[in-house]
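Enquirer: Let's see this in three dimensions:
(chains A, B and C)
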Amino acid sequence: MSIERIGTTARYSDIVIHNQTAYLVEVPVSENTPIAEQTREILASFDRQLARIGSHHGRILSATIYLIDMADYDAMNTVWDAWLAAGTAPSRACVKVAGLAHPGWRVEIALIAAV
Amino acid sequence: MSIERIGTTARYSDIVIHNQTAYLVEVPVSENTPIAEQTREILASFDRQLARIGSHHGRILSATIYLIDMADYDAMNTVWDAWLAAGTAPSRACVKVAGLAHPGWRVEIALIAAV
Amino acid sequence: MSIERIGTTARYSDIVIHNQTAYLVEVPVSENTPIAEQTREILASFDRQLARIGSHHGRILSATIYLIDMADYDAMNTVWDAWLAAGTAPSRACVKVAGLAHPGWRVEIALIAAV
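Expert: Down below sits the predicted model:
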């Protein structure tokens, strides 16, 4: 069964698709900005990526949300909850990690979505 | 291919199923209780959820276990190992995170299971 | 649909396969060794495991990399980038966790791969 990749660098791909399932990870565009802004950036990136493969954010199966501060939890959730259409929320884990690859990032999100 | 969701809120679903694969995340029922108790609560929740979709804990493919203290590792494992029938253990990652959404939680577990 | 497991203990399996998708997690062989060495050990373990199921590291869909120190990021990436053939990089999350199961481990990696 074939694998389709989009936005592939030496290190990662923006999207990988196999067996009608897509794998995506996004990080913020900006650094040292508030959590609401970084979350909106990530979700907008997911919208763009999912549109490229004919999917959309109503078809997310699983989300893993990595925060660096649980004080960001409510503000992240406000953006997250508003993004999802009623009845389409994925399975979701949310944990506070000890850090992300760039010190100015407050959130990183990994998704598995149906194509 | 259709997506089935169970226990869907504005933020997350208890279970999402697609392509014969189910995605689930559970957190403890209680707070500020010992790790063995919180682990048992989570595994009991998985048993209930998996039963709703005609699956069971002998069909788990992948587990990601988030602990907040590695001193809990052995007691969590005692409960975990006893839960799994011989020959059915999933692929498993186990990491210590810097925190979970509720300060009284000591463990959160994400599963991918076959339906 | 059947589940195939390889290297199954009471706690985890080295590989679990379902629906043409494989789930694997590896940790270092050595402890208290440099990040480059531990990363090479993990990637070599993945090569061995993937070979057992007729897959290979050009068919990885998703990777989750857990580091204990972001100072290890560049050295880990050097090994990672060299491992992947051009055009085959998976979706990838990389976070700093607060600890791993053995204090001498600096990295743990979870993969989802196509069989």
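
Enquirer: Please give me every residue in contact with A:A22.
Expert: Shown in contact with A:A22 (CB atoms under 8 Å, 6 or more residues apart in numbering or on different chains): A:15-16, A:50, A:53, A:55, A:111-115. Any C-beta I mention is one placed from the backbone N, CA and C, and that applies to glycine too.

Enquirer: same question, A:I6
Expert: With CB under 8 Å, 6+ apart, A:I6 has these contacts: A:13-17, A:49, A:52-53.

Enquirer: related to what we said a few turns ago, check the contacts of A:A22 and tell me the two furthest apart.
Expert: Spanning the widest gap among the contacts of A:A22 are A:V16 and A:A114, at 13.9 Å by CB to CB.

Enquirer: Between these two, which is the more surrounded one?
Expert: A:V16 (29 against 20; other CB atoms under 10 Å in any protein chain shown).

Enquirer: Listing partners with orientation, what would you give for the host helix or strand of that one?
Expert: For A:V16, the host element (DSSP states H and E) is strand A:13-18. Paired neighbours of strand A:13-18 in the sheet (DSSP bridges): strand A:3-8 (antiparallel), strand A:21-26 (antiparallel).

Enquirer: average pLDDT for the helix or strand that A:A82 is a member of?
Expert: Assessed by DSSP H and E, A:A82 sits inside helix A:73-83. Regarding helix A:73-83, the rounded mean pLDDT is 98.

Enquirer: what does that helix rub up against?
Expert: With contact meaning CB under 8 Å, 6+ apart, helix A:73-83 is reached by A:34-36, A:39-40, A:43, A:57, A:65, A:67, A:94, A:107, B:10-11, B:101.

Enquirer: what about 6 Å?
Expert: Helix A:73-83 has contacts (CB atoms under 6 Å, 6 or more residues apart in numbering or on different chains) with A:35-36, A:39-40, A:43, B:10-11, B:101.

Enquirer: Pull out the buried residues from the longest helix along chain A.
Expert: The residue-count maximum for a helix in chain A (DSSP state H) belongs to helix A:35-52. Under the neighbour-count criterion of 16 or more other CB atoms under 10 Å in any protein chain shown, helix A:35-52 has A:35, A:38-43, A:45-46, A:49-50 buried.
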